[in-house]
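Asks: attaching a predicted model along with its sequence, questions to come.
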Amino acid sequence: MKKVPRCNSIEVDRVVHKFLVGDKTHRQSKEIYKILDQIDELLELARSVPDTSEVLYDVDENLKDGALCYHSERLAIVFGLI
């Protein structure tokens with residue numbers, strides 16, 4: 001098995017669902033993003049600060065936060081929780 005860079009997958013009911021960073025092509029993406037936004041609000045209230053030191057993009061710090069918020073692993077995990 002070989003991992004595709006920037007892609008994560010999860011198997012639910014014998015169906016593999018693949019996610020890319022910021023992916024909105026999944027049929028439940030609206031629900032996934034709604035839950036992610038709720039999680040991020042709770043993390044912000046808890047004063048959690050994301051570690052952007054490993055983000056390789058040469059971009060503004062706010063954009064790095066966004067890349068982490070909608071990382072493919074997070075999308076796959078939230079879909080699995082749904």
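Replies: It's in. Numbers count the residues shown, from 1 in each chain.
Asks: all contacts plus neighbour counts: C-alpha atoms, from now on.
Replies: Fine.
Asks: over to residue 15: give its phi and psi.
Replies: With angles defined as degrees, to the nearest 10, residue 15 sits at phi -120, psi 130.
Asks: repeat for residue 25
Replies: Taking degrees, to the nearest 10, you get phi -90, psi -10 for the backbone angles of residue 25.
Asks: could you give the number of residues near it?
Replies: If you count neighbours by other C-alpha atoms under 10 Å, residue 25 ends up with 11.
Asks: then residue 78?
Replies: 17.
Asks: my guess is it meets residue 35, correct?
Replies: Yes. Assessed by C-alpha atoms under 8 Å, residue 78 is found in contact with residue 35 at 7.3 Å.
Asks: isn't residue 71 right up against residue 9?
Replies: No. Residue 71 is not in contact with residue 9 according to C-alpha under 8 Å; the separation is 11.9 Å.
Asks: give me the pLDDT value at residue 21.
Replies: For residue 21, the model assigns a pLDDT of 83.
Asks: what sits against it?
Replies: 6-7, 67, 70-72 (C-alpha atoms under 8 Å, 6 or more residues apart in numbering).
Asks: helix or strand with the lowest mean pLDDT in this protein?
Replies: helix 61-69 (a mean of 56; mean pLDDT, DSSP states H and E).
Asks: next helix or strand past it?
Replies: helix 72-81 (DSSP states H and E).
Asks: element containing residue 8, please.
Replies: Taking DSSP H and E as the criterion, residue 8 maps to strand 7-12.
Asks: list the buried residues for that strand?
Replies: 8-10 (16 or more other C-alpha atoms under 10 Å).
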